[in-house]
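K.L.:
Requesting a structural model of the entry that follows:
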Amino acid sequence: MPGQDAREREGEAAPQGVRLSKIMAERGICSRREADEFIERGWVFVDGKRVSELGIRVEADVRIDLAPEASRAQRQRVTILLHKPVGYVSGQPEPGYAPAVSLIGAANQFDRDTAQRFHPSQLKNLAPAGRLDIDSTGLLVLTQDGRIARQLIGDDSKVDKEYLVRVEGRLEADGLALLTHGLELDGVRLRPAKVEWINDDQLRFQLREGRKRQIRRMCELVGLKVVGLKRVRIGKVKLGDLPLGQWRYLREDESF
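P.N.:
Numbers count the residues shown, from 1 in each chain. Predicted coordinates:
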């Protein structure tokens, strides 16, 4: 490696170990951003010793514990389930369109009688864990918890997502098999999916990835045009009876 060669010429030793924040994220303790915050506050212990130096490197097999303050901070972070309408963008706002997070407020809380009451402070660092494009509706997760974000959108995510997709056009002879496994987008082969007809003009997709406008582009490759798309499940969490444009908190007895 060029950088390594330069260090050797200058007599500088290569860094030893792995960044503590990276290990914490890989173990699912928290996100890397949260890890840096916890380390800076002195809320992380490595093999029983408190550490507070950002960028510190450690051996990959160290024991990592969080101070009670860090665990308490994590419990206070909220995860929100939104039934996103068409016309809202899931992430960064686009000209003329509102972000989905703008629907999160006291007036739209579906579980106000059974859960905690919304507070504006919960909007801080509340971000979508995955995309749902502007022309689609259904279940969107927004969270302050880096562990949940990593579980849902990390490269190694095992959480599948279910969509009901209304289509028009004529499916190619081997189209269903191709949708299940065999298509590429942008030169990259897609992971295997489960795809089945549920009536004459509607398909059910179950995917474990979320490339940009993936289902619409998959359908175009086999002769179909998507005219309606709704996400109804993420992992073990279902959209259920959550009304369009309303949201609720992820309950303690729920997990993805």
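K.L.:
The helix or strand containing R166 packs against which elements?
P.N.:
According to DSSP states H and E, R166 maps onto strand 161-169. Packing contacts for strand 161-169, counted by 3 or more Cβ pairs under 8 Å, 6 or more residues apart in numbering; DSSP states H and E, involve strand 202-207, helix 214-221, strand 224-234. No exception for glycine: its C-beta is placed from N, CA and C like everyone else's.
K.L.:
at 10 Å instead, please
P.N.:
In terms of contacts (3 or more Cβ pairs under 10 Å, 6 or more residues apart in numbering; DSSP states H and E), strand 161-169 is packed against strand 137-143, strand 194-199, strand 202-207, helix 214-221, strand 224-234.
K.L.:
What's the first helix or strand after the first one?
P.N.:
This means strand 137-143. helix 146-153.
K.L.:
Quick check: mean pLDDT of that next one?
P.N.:
Computed over helix 146-153, the mean pLDDT rounds to 87.
K.L.:
now stretch 231-251
P.N.:
On average, stretch 231-251 scores 97.
K.L.:
before we move on, what about stretch 118-127?
P.N.:
For stretch 118-127, mean pLDDT is 91.
K.L.:
Just the CA atoms of that stretch, as PDB, please.
P.N.:
Provided in PDB are the C-alpha atoms of stretch 118-127 (Å, rounded to 0.1, in the frame of the first residue of the first chain):
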ATOM      1  CA  PHE A 118     -44.700  13.200  21.700                       C
ATOM      2  CA  HIS A 119     -42.100  15.900  22.600                       C
ATOM      3  CA  PRO A 120     -40.300  18.000  20.000                       C
ATOM      4  CA  SER A 121     -36.900  17.000  21.400                       C
ATOM      5  CA  GLN A 122     -37.500  13.600  19.900                       C
ATOM      6  CA  LEU A 123     -37.000  15.100  16.500                       C
ATOM      7  CA  LYS A 124     -33.300  15.600  17.200                       C
ATOM      8  CA  ASN A 125     -31.200  13.100  15.300                       C
ATOM      9  CA  LEU A 126     -34.400  11.300  14.100                       C
ATOM     10  CA  ALA A 127     -33.500   9.800  10.800                       C
END
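K.L.:
how far is that stretch from where the chain is centred?
P.N.:
Remark: stretch 118-127 is offset 17 Å from the chain centroid, using Cα atoms, centre = their mean, to the nearest Å.
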